[in-house]
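Student: Provided below are the primary sequence and the corresponding predicted coordinates.
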Amino acid sequence: MGVEEFLEIVLGLPEVEQRDGHASTTGFRVQGKGFCYLDEAEASVMVKATREEQAALVAEDPEVFTASWTSGRFGWVSIRLAGVDRDELVELVTEGWRLSAPKRLVASYTPAVDNS
């Protein structure tokens with residue numbers, strides 16, 4: 001995975017806005033709520049997840065996934081893009097979006113099917 005592929009995934013979700021994040025990151029928001037941050041220099045992203053998902057990912061592959069920080073019921077996970085496949089990244093970014101998007105938007109979202 002590379003930065004361009006990540007951008008294609010995240011910007012393909014409904015109502016996503018791209019904004020400057022913290023320091024060297026670019027933030028992605030839905031309805032004003034951040035759910036993902038890109039650090040191009042490090043070729044990594046930080047994605048909102050549940051605490052359980054954060055722990056499972058880090059346990060699964062600590063060279064690709066690292067715990068970033070937790071806030072309330074959410075645990076953010078850093079993902080090294082070079083180590084993750086497209087399908088898994090699509091799933092993780094989409095889930096981060098779902099955790100932040102309004103329920104009406106989530107209910108109306110039907111992911112595109114990739115038959116390539």
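Tutor: Looks like it came in fine.
Student: gap between the nearest residue to G34 once chain neighbours are set aside and E52?
Tutor: Distances taken as C-beta to C-beta, 6 or more residues apart in numbering place G27 nearest to G34, at 5.3 Å, with adjacent residues excluded. Quick note: C-beta positions are derived from backbone N, CA and C, even for glycine. Taking C-beta to C-beta, to the nearest Å as the measure, G27 falls 24 Å from E52.
Student: okay, now the unreliable bits of the protein?
Tutor: Along the chain, the model assigns pLDDT under 70 to residues 21, 112-116.
Student: cutoff 80 now
Tutor: 20-23, 71-72, 111-116 (pLDDT under 80).
Student: how about the strands in this protein?
Tutor: 16-20, 26-30, 33-39, 44-50, 65-71, 74-80 (DSSP state E).
Student: highest average neighbour count across those strands?
Tutor: Of all these, strand 44-50 has the most neighbours on average by mean count of other C-beta atoms under 10 Å, namely a mean of 24.
Student: who does that strand pair up with?
Tutor: Here strand 44-50 has these sheet partners by DSSP bridges: strand 33-39 (antiparallel), strand 74-80 (antiparallel).
Student: all good on my end, thank you.
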